[in-house]
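**Q** The sequence and its predicted three-dimensional model are supplied below.
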Amino acid sequence: MRSALLLVATLLVTTACYQEKESSSSSSSQLIPESKALKMGAFLPTPIGDPVEGRPWITDLTTTDLDNNGLMDILLCEGRFNEVRVILQTAPGIFAERQIGETIEGPVHVATADMDGDGDLDVLVASMGVVFPNPLEIGAVVILEQVGKLEFKNRIIASKVHRVTDVQAGDLDGDGDLDLSVAKFGYDQGETCWMENQGNWKFSTHTLHPFSGAIHA
């Protein structure tokens with residue numbers, strides 16, 4: 001009797017597995033064709049930029065018209081190689097990737113603003129120093145000043161601070177120039193602060209919230 005029950009159970013499990021395999025195979029063969037998916041408004045993954053070996057560390061990305069040609073580009077932070085890169089849309093649907101500025105340790109956030117009022121976009125970079133947890137003051141606030149057409153100069157606004165996770169620009173004191181709001185995630189210590197624009201790429205720091213863990217500013 002026990003042997004018969006075991007045989008029945010084995011047959012049931014085998015049948016279930018076979019049906020599941022058939023169902024899976026059937027569902028995979030019913031994938032929507034790409035042309036039909038596009039007509040339905042579906043989103044399809046499309047690789048752009050340079051080919052990548054291994055797994056990239058894309059710690060942040062944003063869209064902006066960095067070269068002012070009327071087409072949206074993609075700015076990104078590459079944490080593995082400590083680079084800020086742009087994927088330029090040189091023509092509709094045509095992309096070219098390049099690094100901008102010099103190496104920045106642990107870049108994790110990018111934003112754009114015309115910090116010097118010269119009519120082109122500069123790039124604000126939050127640097128953690130290292131992406132993984134670390135209690136040391138190894139963060140930095142860096143602005144990539146666009147000094148020529150897509151030529152960028154690294155300007156270190158703050159260094160050797162708690163690890164920085166966000167930098168945003170705005171006229172926080174209403175004096176007509178752009179200041180910075182900064183999130184310093186840190187580790188066991190950190191803060192949220194704003195940096196007052198004193199002119200000539202000089203900023204003074206004012207603490208708003210003296211606690212670690214800030215992600216957005």
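**A** Structure's in. What do you need?
**Q** so who does the closest residue to residue 103 other than its chain neighbours touch?
**A** Leaving aside its sequence neighbours, residue 103 sits nearest to residue 82 (C-beta to C-beta, 6 or more residues apart in numbering; 4.9 Å). All C-beta spots, glycine's among them, are computed from the backbone N, C-alpha and C. Going by C-beta atoms under 8 Å, 6 or more residues apart in numbering, residue 82 touches 103-107.
**Q** if we go to 10 Å?
**A** Residues near residue 82 by C-beta atoms under 10 Å, 6 or more residues apart in numbering: 57, 102-107, 127, 129-131.
**Q** for residue 77, same thing?
**A** 57-62, 83-85, 104, 106-110, 125-128, 131.
**Q** What subset of these is buried?
**A** Among those, those buried by neighbour count (16 or more other C-beta atoms under 10 Å) are 59-60, 83-85, 104, 106-110, 125-128, 131.
**Q** Lowest-confidence one in those?
**A** Confidence by pLDDT is poorest for residue 131 among those, given 94.
**Q** Can you give me the neighbour number for residue 162?
**A** 25 (other C-beta atoms under 10 Å).
**Q** Surely it is in contact with residue 135?
**A** Yes. Residue 162 lies in contact with residue 135 (C-beta atoms under 10 Å); the separation is 9.2 Å.
**Q** shared neighbours of these two, anything?
**A** 186-189, 212.
**Q** What's the ChimeraX line that selects buried ones from those residues?
**A** Restricted to buried positions by 16+ other C-beta under 10 Å, the ChimeraX selection for those reads:
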select :186,212
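**Q** Residue 168: which of the shared contacts of residue 162 and residue 135 is nearest?
**A** Using C-beta to C-beta, residue 186 comes nearest to residue 168 of these, at 17.9 Å.
**Q** got the phi/psi numbers for the residue nearest in space to the middle of the chain?
**A** Central residue of the chain (C-alpha atoms, centre = their mean): residue 60, 0.6 Å from the mean position. Residue 60 adopts backbone torsions of phi -170, psi 150, taken as degrees, to the nearest 10.
**Q** wouldn't it be in contact with residue 79 here?
**A** Yes. Under the criterion of C-beta under 10 Å, residue 60 makes contact with residue 79 at 8.8 Å.
**Q** and for the two, which residues touch both?
**A** In contact with both residue 60 and residue 79: 107-108, using C-beta under 10 Å, 6+ apart.
**Q** tell me the contacts of residue 65?
**A** Applying C-beta under 10 Å, 6+ apart, the residues contacting residue 65 are 71-73, 88-89, 112, 121.
**Q** just for this protein, where's the confidence low?
**A** Scanning the chain for pLDDT under 70 picks out 1-32, 34-39.
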